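# Coordinates for the following, if possible.
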Amino acid sequence: MSSKFRSGAGPKTVFIGIAVFTGVFGALRANQYFTERNTAVLPLLQPNSVSGQPVAFDGAEAEPGRVDFRTAAKRVNPSVVSVDKFNRYQRGFFDDSIVEAETGTGSGVVVSADGVIVTNNHVVQDAERVRVRLSDGRSADAKVVGTDPISDLAVLRITAKNLQPIEIGDSRSVEVGQWVMAVGNPLGFDNTVSVGVVSSLKRSLPVNRDNGLVDAIQTDAAINPGNSGGALCDANGRLIGINSAIASSTGQSVGIGFAIPTAQVKRVVDDILKIGYVRYAGLGISYSKRFDGALAYPDFRRQVAEATGGDNVPESGILIRGVLDGAEKAGLRINDVLLAVDNQPIESTFDLNRALVPKKPGDKVKVKIWARGETKTVEVVLDQTRRIQ
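Have a look, this model is predicted:
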């Protein structure tokens, strides 16, 4: 692998849709969209249908001060692949024969000349076989080296010659307003390029009950189903993020997309290649996700008060159901309520994941808790855990 990787609601409900739909399904949705409007799907450009002089793109130099993505696209396209997952099914109720079917399509990025590819975890999740299609038309079965649901990243490896790894940029230097380019396979259209700007930084948002994106890059470059796992690059063609999710009321791009920054990608890939999983910091507590939001109910708070002998039970937080390691040493106990970590309010398990994902085992954090009628802050040394529980 390259040294850079080795070195280390309002009126309208908006949902966070992971771009996990298949390219084929997305294409069907697009076809339905046009069909419902009785509009024929025509080629974007037809020969001899445009009057006036053609624009001479081939070999033309970009005008001074004008943004031009031709060179960046040429650099990035060979490094972006299509990732197809397959599963086996029984053919029918009265037919015991087994058939294999393509069950999902996304994108991936080649990050080393020896065949390491990064994509989203949700692109390959539960796949029985994964196939990678290269930009030059070649295809190869891929081995899933490791996956990480917390970051929504997965590492694949293929055996192929003449692979062109992407150049890795530094997501920490990305600024709001700068030009970016998204490359992937939206709706089944391989190696599609879209451009836009960085709309915001450090977006953290849940994409399911347990996990979500942390410190994501927000962009208005068009990202659609099938773009998952593809590249978000700067204007020079350097990778700054892996496209992962969209916010939309339709399931298609409305100009709000999110990418996992390369600073996180590097950490995840390094761990998966070295030890097969990602090392995360753990607070040393256990809890039940079914209690998320339960403290908002007076009856639940009354039960906590009766169990602990304390009053003024908080209306939000995480009820601690077990302690060990650093938390136990810091004095946390069962039925304490976790209120904040390093001044970040904790109201759900996602909030806790968001606070801990950037941390490393051995880091110290200040933890605010309610304990039997008293609110106090203690220091906890984080332990290593394979997953945040």
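# Which segments of the chain make up each domain?
Here the domain assignment for the chain is 3-34+68-75+166-275, 78-157, 280-385, based on automatic domain parsing.
# Partner strands of the helix or strand harbouring residue 197, with direction?
Using DSSP states H and E, residue 197 sits within strand 192-206. Paired strands of strand 192-206, with direction, are strand 179-184 (antiparallel), strand 212-219 (antiparallel) (DSSP bridges).
# Tell me the buried residues in the last one?
Of the residues in strand 212-219, 212-219 count as buried by neighbour count, 16 or more other C-beta atoms under 10 Å. (C-beta placed from N, C-alpha, C; glycine too.)
# Return the member of the strands paired with strand 192-206 having the minimum mean pLDDT.
Among the strands paired with strand 192-206, strand 212-219 carries the lowest mean pLDDT, at a mean of 90.
# Name the next helix or strand downstream of that one, please.
strand 231-234.
# how far off strand 192-206 does the next helix or strand after that following strand point, in degrees?
Heading C-terminal from strand 231-234, the first helix or strand you meet, by DSSP H and E, is strand 238-248. If you take axes from the mean of the first three to the mean of the last three C-alpha atoms, to 10 degrees, strand 238-248 sits at 70 degrees to strand 192-206.
# Let me see the mean pLDDT of strand 238-248.
In this model, strand 238-248 carries a mean pLDDT of 92.
# swap in stretch 254-263?
92.
# With only the CA atoms kept, save that stretch in CSV.
C-alpha atoms of stretch 254-263 as CSV (Å, rounded to 0.1, in the frame of the first residue of the first chain):
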residue,chain,number,x,y,z
VAL,A,254,-30.8,17.4,-3.7
GLY,A,255,-27.4,18.9,-3.2
ILE,A,256,-26.6,17.7,0.3
GLY,A,257,-24.1,14.9,0.4
PHE,A,258,-21.6,13.7,3.0
ALA,A,259,-18.2,12.1,2.7
ILE,A,260,-16.0,10.4,5.3
PRO,A,261,-12.7,12.5,5.5
THR,A,262,-9.4,10.9,4.6
ALA,A,263,-8.1,11.5,8.1
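# which residues sit against it?
With contacts defined as C-beta atoms under 8 Å, 6 or more residues apart in numbering, stretch 254-263 is touched by 151-153, 168-172, 174, 182, 196, 199, 203, 205, 213, 215-223, 227, 232, 239-248.
# Kindly report the same for stretch 90-108.
Under C-beta under 8 Å, 6+ apart, the answer for stretch 90-108 is 19-24, 80-89, 117-120, 122-124, 127-129, 132, 156, 183-185, 188, 226-231, 243.
# Low-confidence regions, the stretch 101-250 of the chain specifically.
208-210 (pLDDT under 70).
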